[in-house]
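S.K.: build the 3D model from these lines:
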Amino acid sequence: MVIYMSRIDQIKRAVMVISAMIAVYILVYITGGIKYVYSHTMYIPILLAALFFGRTGGLICGIIAGILLGPFMPIDTVTNEAQSTLNWMYRLLVFASIGVGTSVLLYLYDRFLLKETK
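M.R.: Residues are numbered from 1 along each chain as shown. Predicted coordinates:
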């Protein structure tokens with residue numbers, strides 16, 4: 001399910017998703033790094049991207065989110081200890097899967113609703 005919108009609305013929503021991703025990155029960083037629970041807040045912009053922009057949007061947002069909270073985010077900001085590659089790559093795959101999976105479920109739900117109204 002993709003919400004159809006004008007070009008200006010697409011730009012506004014893209015700016016909103018990107019801003020939310022940056023805000024989550026800052027939140028995770030200032031709260032001490034990836035070892036704390038705040039990284040899960042990144043699911044919000046991923047879900048919004050899947051809703052607004054479908055599979056492609058969910059996938060791209062999931063990948064960018066994985067990179068932001070991956071090699072660019074230390075485990076602990078005090079020690080600046082880097083994450084292992086496996087750690088952040090796994091998170092990137094989960095984020096991308098959530099983005100794509102959500103958009104597929106929304107699409108299937110939309111088709112179900114259309115079928116029910118006929």
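
S.K.: longest helix anywhere in the chain?
M.R.: helix 85-117 (DSSP state H).

S.K.: any idea of the pLDDT on residue 2?
M.R.: Note on residue 2: pLDDT of 53.

S.K.: for my notes, confirm residue 34 occurs in a strand.
M.R.: No: counting by DSSP: H, G, I helix; E, B strand; the rest coil, residue 34 is not found in a strand; it is coil.

S.K.: buried stuff in the longest helix of the chain?
M.R.: By neighbour count on 16 or more other Cβ atoms under 10 Å, the buried set for helix 85-117 is 88, 91, 92, 95, 96, 98, 99, 100, 102, 103, 106. All C-beta spots, glycine's among them, are computed from the backbone N, C-alpha and C.

S.K.: tell me the two of these that are most distant?
M.R.: 88 and 106 (27.0 Å; Cβ to Cβ).

S.K.: poorly predicted segments of the protein, please.
M.R.: 1-3 (pLDDT under 70).

S.K.: identify the residue nearest the geometric centre of it.
M.R.: Nearest to the geometric centre of the chain sits residue 46, at 2.4 Å (Cα atoms, centre = their mean).

S.K.: which of the helices or strands spans that one?
M.R.: Per DSSP states H and E: residue 46 is located in helix 43-68.

S.K.: tell me the angle of that helix relative to helix 85-117?
M.R.: Between the axes of helix 43-68 and helix 85-117, defined by axes from the mean of the first three to the mean of the last three Cα atoms, to 10 degrees, the angle is 150 degrees.

S.K.: understood, closing this out.
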